[in-house]
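> sequence plus the predicted model coming up.
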Amino acid sequence: MRIETALSGLPQLWEAALCSPFHRDRLLNAGLGTPPTEWSDFQTRVPFTTKGELVAEQTAHPPYGRFLTGPLNRYTRCHQTSGTAGSPLRWLDTPESWDAMVADWNTVLRFAGVGPGDRALFAFSFGPFLGFWLAFEAAQRVGALCFAGGGMSSAVRLRLLLENGCTVLCCTPTYGLHLPAVAAAEGLDLSRGRIRTLIVAGEPGGSLPAVRNRLSSAWHGARVFDHHGMTETGPVTHEDPDAPGTLNVFEGSFLVEVIDPAAGTPCRAGDIGELVLTTLRRLGSPLIRYRTGDLVRCDPEPDGRIRRLPGGILSRLDDMVIVRGVNVFPSAVEEIVRSAPEVAEYRVTLDSRSPMVELHLEVEAPASVAEELARRFQNALSLRVPVRSVAPGSLPRFDLKARRWRRVK
């Protein structure tokens, strides 16, 4: 099978995209009134799309930009990004696009073994974020009894989980580790609960062995199942059930590339590069060669297609830091810290006030554990990373994505 078979979904995408002023201008300016039929043409002639371009388009043409491929009254969903790295991005969907994404989420649940008879708690704030609503609707469609956990304290969520015999918990890895600590403080016994599956997303931790082991232990042997997605693209991957720690891409929904983020050229097998996605089924608001900012390992199959991401999402492109010549990914720091079960919480400081950038950590753990972690950093990264023990409960906690890194300039 040749990689050109991957382009079979382009005619339908092109037909939709040419109805969008944003995409039409870009494609026609590139001389692409019809889609490429060769993979090399696709990679050399079709322009990338960046988050910055989407935000600029929406700023210039509020409130939604000119991404839509049909009249506004065809759209029934509006979600938006958090805006933590800039202006929030609103993204609209038609019922057809929504159903395509729910179908992919159903695949997440199927591989996680969730179905009729399960009781699923979604420990999220909901709000305007796409993933929470997709997960909730998909779980209903597979026959699970669903509990929305928005607008609740952690203690209230835990009581809801225990009193209703929930079997599935959806949350971020950080929050999955936080809830057992709250349970202990509240005198709630999680061993009396029925949670057997944790579905996690939003952070790289779900594909890190140390984090997975820690989560499973905290939830008395529950299976941890990772996946990832984003508001602009919808759900992108699910965990490979035969290879935990590897994410499989929804092949029918995306064309996948991994590029050198500086040169914009395709990565070689084994290289780490930026994930680039073309959406094939979300035709109401499509994306073509979208630079996600996620760093992954390039692992093409013999036919040239990329269907799996070993190690999951390694980092965000703008999260990687260089310390004394060493590329340091937050996921690598997380893996080392979580290898010490005594650590309740931690915080990383990147200090660039001197020419020699310094990285140091605070951990809620005994001093002996901090010393051991410093040795592990030295061994794993060949870096001297000071680790300081701090008092229990002194570091911030997070319900959604953790913000453990801070920069001092």
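Cool, the structure landed.
> show me where this structure has helices.
Under the criterion DSSP state H, the chain contains helices at 10-17, 21-29, 39-45, 51-60, 95-111, 130-141, 154-163, 173-186, 209-218, 330-338, 367-381.
> what about dumping the CA coordinates of the longest one to PDB?
Meaning helix 95-111. C-alpha atoms of helix 95-111 as PDB (Å, rounded to 0.1, in the frame of the first residue of the first chain):
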ATOM      1  CA  PRO A  95     -24.000  18.200  13.600                       C
ATOM      2  CA  GLU A  96     -22.100  16.100  11.000                       C
ATOM      3  CA  SER A  97     -18.700  17.300  12.300                       C
ATOM      4  CA  TRP A  98     -19.900  16.700  15.900                       C
ATOM      5  CA  ASP A  99     -21.100  13.200  15.200                       C
ATOM      6  CA  ALA A 100     -17.700  12.300  13.500                       C
ATOM      7  CA  MET A 101     -15.900  13.400  16.700                       C
ATOM      8  CA  VAL A 102     -18.300  11.600  19.000                       C
ATOM      9  CA  ALA A 103     -17.600   8.400  16.900                       C
ATOM     10  CA  ASP A 104     -13.900   8.800  17.500                       C
ATOM     11  CA  TRP A 105     -14.500   9.300  21.200                       C
ATOM     12  CA  ASN A 106     -16.600   6.100  21.200                       C
ATOM     13  CA  THR A 107     -13.500   4.400  19.900                       C
ATOM     14  CA  VAL A 108     -11.600   5.700  22.900                       C
ATOM     15  CA  LEU A 109     -14.300   4.200  25.200                       C
ATOM     16  CA  ARG A 110     -14.400   0.900  23.300                       C
ATOM     17  CA  PHE A 111     -10.700   0.400  23.700                       C
END
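> now that helix: average pLDDT?
The average pLDDT for helix 95-111 rounds to 97.
> counting contacts, what elements does that helix pack onto?
In this structure, helix 95-111 makes packing contacts with helix 130-141, strand 223-230, strand 234-239, judged by 3 or more Cβ pairs under 8 Å, 6 or more residues apart in numbering; DSSP states H and E. Glycine gets a C-beta too; all of them are placed from N, C-alpha and C.
> the same query, at a cut-off of 10 Å, please.
Packed against helix 95-111 by the contact rule (3 or more Cβ pairs under 10 Å, 6 or more residues apart in numbering; DSSP states H and E) you find strand 77-80, strand 90-93, helix 130-141, strand 168-171, strand 197-200, strand 223-230, strand 234-239, strand 272-279.
> how about it: buried residues?
97-98, 100-109, 111 (16 or more other Cβ atoms under 10 Å).
> centre of the chain to that helix, how far?
With Cα atoms, centre = their mean, to the nearest Å as the basis, helix 95-111 stands 16 Å off its chain's centre.
> repeat that for the third one.
Distance, stretch centre to chain centre, for helix 39-45: 27 Å (Cα atoms, centre = their mean).
> could you pull out the buried residues of it?
39, 42-43.
> return the alpha-carbon coordinates of it using CSV.
What follows is helix 39-45 as a C-alpha-only set of coordinates in CSV (Å, rounded to 0.1, in the frame of the first residue of the first chain):
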residue,chain,number,x,y,z
TRP,A,39,2.3,12.8,-1.2
SER,A,40,5.4,14.8,-2.1
ASP,A,41,3.2,17.5,-3.7
PHE,A,42,1.1,17.6,-0.6
GLN,A,43,4.1,18.1,1.6
THR,A,44,5.8,20.7,-0.5
ARG,A,45,2.9,22.7,-2.0
